[in-house]
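A.B. asks: Turn this into a structure:
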Amino acid sequence: MGVIDGETAGTVMQLTGKGVEISADILKAFLDWLINIRHNYLENVLASEKIKQTKADNELTGENIKLAKEMRRTMDAKMAVQEGKVLISAQTLSKSGEPIMAGAAALTEQQQKEFAILAKRYGLTYTLIKNDYDPSNKKIIMFMQKDVHKVKDITDRMTENAQVREIDKRIDLLKSKGMENLTKQDYLDLAQLEDLRDSKIAGPINILNKAENEKTFEEISGELKAGQQQGSQPMTFERALNHITSRDYSSKEPYYLAERLNPNKYIQMDSARENFAGEDYTKTDYSIYQDGVKVGSYDDGRFEGRVYGGKDDYWKNLKDTMKIAGDFSDDVLIFRTKGEFDQYVSAYNISVERAQNQEMSQTLYDVGAYFDETAGEARDFQSEELIKELANQDNLTEDECLRIAKAIVIADQIKIVKNLEILDNEEARVNYLMRSVEPNTRKEFYLTDRLNLIQTEQEKYKELGKEKATLYNKLCSMEAISEL
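C.D. replies: Numbers count the residues shown, from 1 in each chain. Model (predicted):
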């Protein structure tokens, strides 16, 4: 096929217009040129339209992708919060839909690691942002406004930990001299430092130490409740467990969590350092008691497949299980030394005993008698004779016999309560002495035997008290029947 260019085509058109005859080859070449022109034009138009459409599609797709990514980030943020993820990006946190606030605390690298450990225990979702005005590597905490109490608990715990570490350093420095080389002042300083460390660990309950017999149990428990609340947040069962187990610290002495209004319902927590997958951590064993009877035993040891966060969160499920097992409310107290816990239980038991005494005294008064402290027996109001002596008289009516029998039983119950009070005081004294005694010494063996003897006597009196209560109920039944 021949090829015709534009100039030749123009000549052909001119010649054709003048009626000049042209060859078939030239005409065919001309037609081919026209067809090519049309084809190229159409291709150019189509290519141009395709470019425009592709550009529009790209712009539309880009907008969709941007919108999809934005929605994905928002969903990821909400899921991260719901699943209890700990450290997330600031962008993700901002997309959570929750009101956000920044903490004033700036954390060093070491503090960031400690904060991360505690945040995991507390279930805190947060992020760290760079402080542009601080040339060091300190970071500022950003978190959801609803978690402000968690952040306060964590930072309080970090402050206490730092204080304990500093005190431990000073204790170690003194002991490094060798105990045989310490002066009298060194021993005084050492004792002072150890007391200070224990008070930091215990979060001291000075209320108990100052209470003595001047305050009722209700007053003491009310003050303790107010003292352990932070801001307006109550010390719920879950929050108390988070607070007491968050410390990366193990102690020879157990910690205690107890019902505020009935500390005979409590958890004894024994902690020790363990290692899992090359990482050291504090493992805690939880023994749950109700009125001296163990009703549950659990631990928070780590294991393969343990889940953190979400509905299968091991720690949250464990807390729920223990709360049900011990029938705990959300009104609890924390004790970090056995001495303080025993003091509180003693104060509670005394209050119960006083209530029982008042009730029994009123019941004794209702049968026409009162308890003579000097004689240790019930005495008749009218005759001022001891009730037991009246029981030996002849010609007593049935009603009088019943009245005297009830008075004797009530007097026996009062004596049992008083004896239990004496034994409880002695038990508290022996427990206190055992805190400072050296293990495997004669003194320890003596105190242990003494404690066992006291506890045996307590059990005897408690059983006797149950028998007297049963007998009194029978006498009341007899009285009811006689009235019928």
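A.B. asks: domains in the protein, as residue ranges please.
C.D. replies: 6-63, 92-192, 233-335, 342-483 (automatic domain parsing).
A.B. asks: Format the ones you listed as a markdown table; extra columns: mean neighbour count and mean pLDDT.
C.D. replies: C-beta coordinates here come from the backbone N, C-alpha and C atoms, glycine included. As requested, these are arranged in a markdown table below (neighbours: other CB atoms under 10 Å; pLDDT from 0 to 100):
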| stretch | mean neighbour count | mean pLDDT |
| --- | --- | --- |
| domain 6-63 | 11 | 55 |
| domain 92-192 | 15 | 77 |
| domain 233-335 | 16 | 85 |
| domain 342-483 | 15 | 84 |
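A.B. asks: mind checking the end-to-end distance for stretch 428-441?
C.D. replies: Taking CA to CA, to the nearest Å, stretch 428-441 runs 20 Å from one end to the other.
A.B. asks: same check, this time on stretch 426-442
C.D. replies: With CA to CA as the measure, the ends of stretch 426-442 fall 19 Å from one another.
A.B. asks: where does Ala428 land in three-state SS?
C.D. replies: Recorded secondary structure, Ala428: helix (DSSP: H, G, I helix; E, B strand; the rest coil).
A.B. asks: Okay, and the residue nearest to it when sequence neighbours are not counted sits in which element?
C.D. replies: Distances taken as CB to CB, 6 or more residues apart in numbering place Ser346 nearest to Ala428, at 5.3 Å, with adjacent residues excluded. Assigned by DSSP states H and E, Ser346 belongs to helix 338-366.
A.B. asks: and the very next helix or strand once past that helix, what other elements does it pack with?
C.D. replies: As assigned by DSSP H and E, the chain's next helix or strand after helix 338-366 is strand 369-372. Helices and strands touching strand 369-372, as assessed by 3 or more CB pairs under 8 Å, 6 or more residues apart in numbering; DSSP states H and E, comprise helix 338-366, strand 377-380, helix 398-435.
A.B. asks: Next up, the contacts around the residue nearest to Ala428.
C.D. replies: Ser346 is in contact with Asp424, Asn425, Ala428, counting by CB atoms under 8 Å, 6 or more residues apart in numbering.
A.B. asks: what about the helices in this structure?
C.D. replies: Listed in chain order, the helices of the chain (DSSP state H) span 6-17, 24-82, 90-94, 109-122, 148-175, 184-202, 206-211, 217-228, 237-245, 314-326, 338-366, 387-390, 398-435, 442-483.
A.B. asks: and the fourth one with helix 314-326, angle?
C.D. replies: Taking axes from the mean of the first three to the mean of the last three CA atoms, to 10 degrees, one finds that helix 109-122 is oriented at 50 degrees with respect to helix 314-326.
A.B. asks: Restricting to C-alpha, output helix 109-122 in PDB.
C.D. replies: Output of helix 109-122 as PDB, limited to C-alpha atoms (Å, rounded to 0.1, in the frame of the first residue of the first chain):
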ATOM      1  CA  GLU A 109      12.800   5.500  80.600                       C
ATOM      2  CA  GLN A 110      13.000   3.400  83.800                       C
ATOM      3  CA  GLN A 111       9.800   4.900  85.100                       C
ATOM      4  CA  GLN A 112       8.100   4.100  81.800                       C
ATOM      5  CA  LYS A 113       8.900   0.400  82.200                       C
ATOM      6  CA  GLU A 114       7.600   0.400  85.800                       C
ATOM      7  CA  PHE A 115       4.500   2.300  84.600                       C
ATOM      8  CA  ALA A 116       3.900  -0.300  81.900                       C
ATOM      9  CA  ILE A 117       4.000  -3.200  84.400                       C
ATOM     10  CA  LEU A 118       1.500  -1.500  86.700                       C
ATOM     11  CA  ALA A 119      -0.700  -0.400  83.800                       C
ATOM     12  CA  LYS A 120      -1.000  -4.000  82.700                       C
ATOM     13  CA  ARG A 121      -2.100  -5.000  86.200                       C
ATOM     14  CA  TYR A 122      -4.600  -2.100  86.500                       C
END
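A.B. asks: OK, contacts around the nearest residue to Tyr289 once chain neighbours are set aside?
C.D. replies: Nearest in space to Tyr289, with sequence neighbours left out and distances taken as CB to CB, 6+ apart, is Tyr266 at 5.6 Å. For Tyr266, the contacting residues are Tyr256, Leu257, Ala258, Glu259, Ile288, Tyr289, Gly326, Phe341, by CB under 8 Å, 6+ apart.
A.B. asks: Need the residues you listed in a markdown table (columns: distance to Lys468).
C.D. replies: Formatted as a markdown table, the contacts of Tyr266 follow (distance: CB to CB, whole Å):
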| residue | distance to Lys468 |
| --- | --- |
| Tyr256 | 32 |
| Leu257 | 34 |
| Ala258 | 29 |
| Glu259 | 28 |
| Ile288 | 30 |
| Tyr289 | 26 |
| Gly326 | 30 |
| Phe341 | 30 |
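A.B. asks: Out of those, which is nearest to Ile410?
C.D. replies: Nearest to Ile410 among these is Glu259, at 29.8 Å by CB to CB.
A.B. asks: show me the contacts for the closest one.
C.D. replies: Residues near Glu259 by CB under 8 Å, 6+ apart: Lys265, Tyr266, Phe328, Ser329, Asp331, Val332, Leu333.
A.B. asks: which residues does the second one form a beta bridge with?
C.D. replies: When bridges are assigned using DSSP bridges, the partners listed for Tyr266 are Ala258, Tyr289.
A.B. asks: and it, how far is that from Thr363?
C.D. replies: The gap separating Tyr266 from Thr363 is 31 Å, by CB to CB, to the nearest Å.
A.B. asks: Gln268: what's it in contact with?
C.D. replies: Contacts of Gln268 were listed using CB under 8 Å, 6+ apart, and they are Pro254, Tyr255, Tyr256, Tyr286, Ser287, Tyr289.
A.B. asks: wait, what's in contact with the residue lying closest to the fourth one once chain neighbours are set aside?
C.D. replies: Meaning Tyr286. Counting by CB to CB, 6+ apart, Tyr298 is the residue found nearest to Tyr286 once chain neighbours are left out, at 4.5 Å. By CB under 8 Å, 6+ apart, the contact list for Tyr298 reads Asp285, Tyr286, Ile288, Leu318, Thr321, Met322, Ala325.
A.B. asks: let's go with 7 Å and repeat that
C.D. replies: Tyr286, Leu318, Thr321, Met322 (CB atoms under 7 Å, 6 or more residues apart in numbering).
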